[in-house]
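Enquirer: Provided below for reference: sequence and predicted model.
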Amino acid sequence: MKILFAASEAYPLVKTGGLGDVIYSLPRALQQQGAEVRVILPAYRLVLEQMDSLRIAGWMQVQGAGRLHDARILEAGSRHLGVPLLLVDVPSLFDRPGNPYLHPEGYNWHDNAERFTVFSRAVARLASDTRLLEWRPEVVHCHDWQAGLVPAFLSLEEQAPASLFTIHNLSYAGIFSHQEFEQLALPRSWWSPDALEFFGNFSMLKGGIVFSQHITTVSPTYAEEIQTPAFGYGFDGVLRAMRHKLSGILNGIDLETWNPATDPFLPSHYSARHRYLAGKRENKAALLQQLGVEVSDQVLEEPLLGFIGRLVEQKGIDLLIEALPALFTHPDVRLVLLGSGESRFETALRELAALYPGRLLLNLGYSEELSHRIEAASDLFLMPSRFEPCGLNQLYSLRYGTPPVVHAVGGLVDTVVDATPENLEAGRATGFHFHEPTSTALLGALEHALRLYRNPPVWHQLIRTAMAQDFGWARSARRYLELYRQLGAGTVDD
């Protein structure tokens, strides 16, 4: 199978969240199972700066907002992603500072509608015409709203391959105005509730939903949740109408990058079969020292909780902030937190860190190295997300022997087995659930977790079970390959 991945980011070249990790890991897993995969991205300044060699595959003119853009199609090797990389180079749209979507000062680029429409037009034309690359995919796998118009533009091509659209997070929908719709010269027929129109605006994500041959989300539970008003963000009706072509395939993780036995960021290595208790203790000591805590045998016996994530309501950071004073009535509990986000949450956390010095170990910003160290050093990992399409940190936590405490939604409930008496007795438990998005429910789950932490035989079994789980990409890659084959053969409903 020849598969083209169309996305707006890919680790390690450019990453703002879990999407970048998927675009790195899944193509590699598919290639290991015999697929021929290429990834296409916009040629952001940050990406071009990391290229040591590029080949110009060709040029095309692409319609933008009232103007034509000259777009170069660039080819890179497989050094960065492990699969060949293509870039759509339009300097006036992509050669700028900041991240893929935001100005360095934190606001959306004013021309995001044009930027990702031009990208999508170029991808659709490239995928349907062999004259530039002498390579034609059988399926174009499009990811999130930034590539949502690719299936729509493919529907206008005579020799178009099939398209698959994956929703990584429905709350980011690529919504723009009717004026921008007109400026972009999109087909008039697309301004319809049956196409792109969305409550008086238009949504690029809806383009992927409506025009693709199949839709996936990143966990089975999330595929069901987004068909309800509570989780559907206004798309629940169209998703119920499209449920015949909607399925959930769980994300995986890169087992080489996230491996406590070989992780280069860890001062002490361990595995499920070797030194997992000593290794975690040594990593805890190193992290606490790094963060300015005086380490003793007593301190190393005390529970260390971890949180890594964006400081936004989706991630439940407000629930955690509300719960911290009650949590810190336990005089031995510490929380190490890594993240950045809304200023109101950052301010609240700074105030709490000043109120609880040495207890709330606050790290505003992001560090790949520190994220690995937190996963290895923590005894519990907190994910109180209001919704979570899949989640990756709970999978990293399981692999690193750090039982997660999760709100039982989306991919969290699909991947973490609650430590109920029955599951503990059966040896299935890997973490802790709470079922309402409240600080009270979160505290209840934490109290249960801390009681088990103080029961070493039960706790050690919980760690062993967590580390025995396999959330690599192999199983999910097989499911995607089967879906690609069905799409290529035209046997999947559209």
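Expert: Yes, it's here.

Enquirer: Domain ranges for the protein, per the record?
Expert: 2-252+474-489, 276-467 (automatic domain parsing).

Enquirer: mind checking the end-to-end distance for the longest one?
Expert: This points to domain 2-252+474-489. Start and end residues of domain 2-252+474-489 are separated by 13 Å (C-alpha to C-alpha, to the nearest Å).

Enquirer: what ranges do the strands span in the stretch 51-200 of the chain?
Expert: Ranges of strands in the stretch 51-200 of the chain, per DSSP state E, counting those that start in this stretch, are 55-63, 68-76, 85-89, 139-143, 162-167, 175-176, 197-198.

Enquirer: Output those strands in CSV; the columns should cover distance to Asn363.
Expert: The way it works is simple: take the backbone N, C-alpha and C, and place the C-beta from them, glycine included. Shown next, in CSV, are the strands of the stretch 51-200 of the chain (distance: least, C-beta to C-beta, whole Å):
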stretch, distance to Asn363
strand 55-63, 41
strand 68-76, 34
strand 85-89, 32
strand 139-143, 29
strand 162-167, 31
strand 175-176, 33
strand 197-198, 38
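
Enquirer: got the phi/psi numbers for the residue nearest to Ile253 when sequence neighbours are not counted?
Expert: Among residues not flanking Ile253 along the chain, Leu395 sits closest, at 4.8 Å (C-beta to C-beta, 6 or more residues apart in numbering). Note on Leu395: backbone dihedrals following degrees, to the nearest 10 are phi -70, psi -40.

Enquirer: what's the answer for the one 10 residues further on, then?
Expert: For Val405, the backbone dihedrals (degrees, to the nearest 10) come out as phi -110, psi 110.

Enquirer: Not counting sequence-adjacent ones, nearest residue to it?
Expert: With C-beta to C-beta, 6+ apart as the criterion, Val405 has its nearest non-adjacent residue at 4.5 Å, and that residue is Phe432.

Enquirer: Does the one you found lie in a helix or a strand, and which?
Expert: Phe432 belongs to strand 432-434 when assigned by DSSP states H and E.

Enquirer: May I see the buried residues of the next helix-or-strand element following that strand?
Expert: Counting by DSSP H and E, the next helix or strand C-terminal to strand 432-434 is helix 439-453. Residues Ser439, Ala441, Leu442, Leu443, Gly444, Ala445, Leu446, His448, Ala449, Leu450, Leu452, Tyr453 are the ones in helix 439-453 that count as buried (16 or more other C-beta atoms under 10 Å).

Enquirer: again with stretch 108-118
Expert: For stretch 108-118, the neighbour count (16+ other C-beta under 10 Å) marks Trp109, Asn112, Ala113, Glu114, Arg115, Phe116, Thr117, Val118 as buried.

Enquirer: Figure out which of the domains of the chain is closest to Pro260.
Expert: Of all those, domain 276-467 sits nearest to Pro260, with 5.1 Å by C-beta to C-beta.

Enquirer: average pLDDT for the closest one?
Expert: Averaging pLDDT along domain 276-467 gives 96.

Enquirer: and what of stretch 244-256?
Expert: 94.

Enquirer: One more: stretch 134-149?
Expert: pLDDT averaged over stretch 134-149 gives 96.

Enquirer: Dump that stretch to CSV, keeping only the CA atoms.
Expert: The C-alpha trace of stretch 134-149 is given here as CSV (Å, rounded to 0.1, in the frame of the first residue of the first chain):
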residue,chain,number,x,y,z
GLU,A,134,6.1,9.7,-10.3
TRP,A,135,4.5,8.3,-7.2
ARG,A,136,0.8,8.2,-6.5
PRO,A,137,-0.7,7.1,-3.2
GLU,A,138,-3.6,4.7,-3.0
VAL,A,139,-4.9,6.5,0.2
VAL,A,140,-4.3,10.0,1.5
HIS,A,141,-4.5,9.9,5.3
CYS,A,142,-5.5,13.4,6.5
HIS,A,143,-5.2,14.6,10.1
ASP,A,144,-7.2,17.3,11.9
TRP,A,145,-8.7,20.5,10.6
GLN,A,146,-5.5,21.8,9.0
ALA,A,147,-5.8,19.0,6.4
GLY,A,148,-9.6,18.8,6.5
LEU,A,149,-10.0,20.3,3.1
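
Enquirer: If you count neighbours, what's buried in it?
Expert: For stretch 134-149, the neighbour count (16+ other C-beta under 10 Å) marks 135, 137-149 as buried.

Enquirer: Greatest separation within those residues: which pair is it?
Expert: So, the buried residues of stretch 134-149 by C-beta to C-beta: farthest apart are Trp135 and Trp145, at 26.3 Å.

Enquirer: on that earlier part again, just the buried residues of stretch 108-118 now: which is nearest Leu156?
Expert: Thr117 (13.2 Å).

Enquirer: wait, doesn't the closest one sit right on Ala147?
Expert: No - Thr117 is not in contact with Ala147 according to C-beta atoms under 8 Å; the separation is 10.8 Å.

Enquirer: quick one, what contacts Leu239?
Expert: Neighbour list for Leu239: Ile209, Ile215, Ile226, Gln227, Gly232, Leu246 [criterion: C-beta atoms under 8 Å, 6 or more residues apart in numbering].

Enquirer: From these, which land in helices?
Expert: Of these, the ones assigned to helices by DSSP state H are Ile209, Gly232.

Enquirer: Highest neighbour count among the contacts of Leu239?
Expert: Counting neighbours by other C-beta atoms under 10 Å, Ile226 comes out on top of the contacts of Leu239 with 26 neighbours.

Enquirer: how far away is that residue from Ile215?
Expert: From Ile226 across to Ile215, the span is 10 Å (C-beta to C-beta, to the nearest Å).

Enquirer: Phi, psi for Val39 please.
Expert: According to degrees, to the nearest 10, Val39 has phi -120, psi 140.

Enquirer: hey, what's it bridged with?
Expert: On the basis of DSSP bridges, Val39 is bridged to Phe5, Leu85.

Enquirer: my guess is it meets Leu86, correct?
Expert: Yes - Val39 lies in contact with Leu86 (C-beta under 8 Å); the separation is 7.0 Å.
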